[in-house]
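Peer 1: Quick one, structure for this:
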Amino acid sequence: MLWLERIVECDDTRAVAEAVVRDDHPLADGDAVPGWAGIEYMAQCIAAWAGGRALARGEPVKPGFLLGTRRYSCLRPRLAFGLRLRIEVHCELMGDNGLGLFACRLLDGEEEIAVANVSVFEPPDADAYLGNAKQ
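Peer 2: Take a look at the predicted model:
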């Protein structure tokens with residue numbers, strides 16, 4: 001499930017992506033997507049940031065997990081089809097244990113329409129974490 005259209009920026013601490021809310025969106029309801037779906041746009045931008053950093057280090061991209069969010073606030077109950085979102089994520093903390101915290105926001109042009117602090121986890125060995133360790 002890929003909702004992002006393009007990565008605009010990606011550096012050591014932040015990433016910026018763009019996405020258009022489309023009528024074939026898996027959460028489409030009438031003529032829009034629920035505003036709470038913004039958290040997934042944020043999570044996908046964080047994943048792009050993590051993947052970009054891994055590739056820059058010459059490492060494979062690893063799976064990560066959205067643990068949750070605190071204070072997700074969205075000014076729009078619905079994200080209308082055709083809306084071009086700008087998704088910005090900034091790494092506030094990334095521990096050696098794979099736990100991270102990101103300050104995130106969604107924008108419509110210059111208007112900030114959603115903000116959240118998002119917690120993520122990138123285990124060193126995702127297969128072992130999921131119980132898929134090879135015997």
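
Peer 1: residues of the longest helix anywhere in the chain that come out buried?
Peer 2: The longest helix of the chain (DSSP state H) is helix 38-56. Within helix 38-56, the residues that count as buried by 16 or more other C-beta atoms under 10 Å are 38-39, 41-53. For every residue, glycine as well, the C-beta is placed using N, CA and C.

Peer 1: Show me what it is packed against.
Peer 2: strand 6-10, strand 14-20, strand 65-74, strand 84-94, strand 99-108, strand 111-121 (3 or more C-beta pairs under 8 Å, 6 or more residues apart in numbering; DSSP states H and E).

Peer 1: Taking strand 6-10 as reference, get the angle to that helix.
Peer 2: Here the directions of helix 38-56 and strand 6-10 differ by 60 degrees (axes from the mean of the first three to the mean of the last three C-alpha atoms, to 10 degrees).

Peer 1: Using CSV, write out every CA atom in helix 38-56.
Peer 2: Output of helix 38-56 as CSV, limited to C-alpha atoms (Å, rounded to 0.1, in the frame of the first residue of the first chain):
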residue,chain,number,x,y,z
GLY,A,38,-3.3,11.4,7.8
ILE,A,39,-1.4,9.3,10.3
GLU,A,40,-0.7,6.7,7.6
TYR,A,41,0.6,9.4,5.2
MET,A,42,2.9,10.5,8.0
ALA,A,43,4.0,6.9,8.7
GLN,A,44,4.8,6.3,5.0
CYS,A,45,6.9,9.4,4.9
ILE,A,46,8.8,8.2,8.0
ALA,A,47,9.3,4.8,6.2
ALA,A,48,10.7,6.7,3.2
TRP,A,49,13.1,8.6,5.4
ALA,A,50,14.3,5.4,7.1
GLY,A,51,14.7,3.6,3.7
GLY,A,52,16.6,6.5,2.3
ARG,A,53,19.0,6.6,5.2
ALA,A,54,19.6,2.8,4.9
LEU,A,55,20.3,3.0,1.2
ALA,A,56,22.7,6.0,1.8
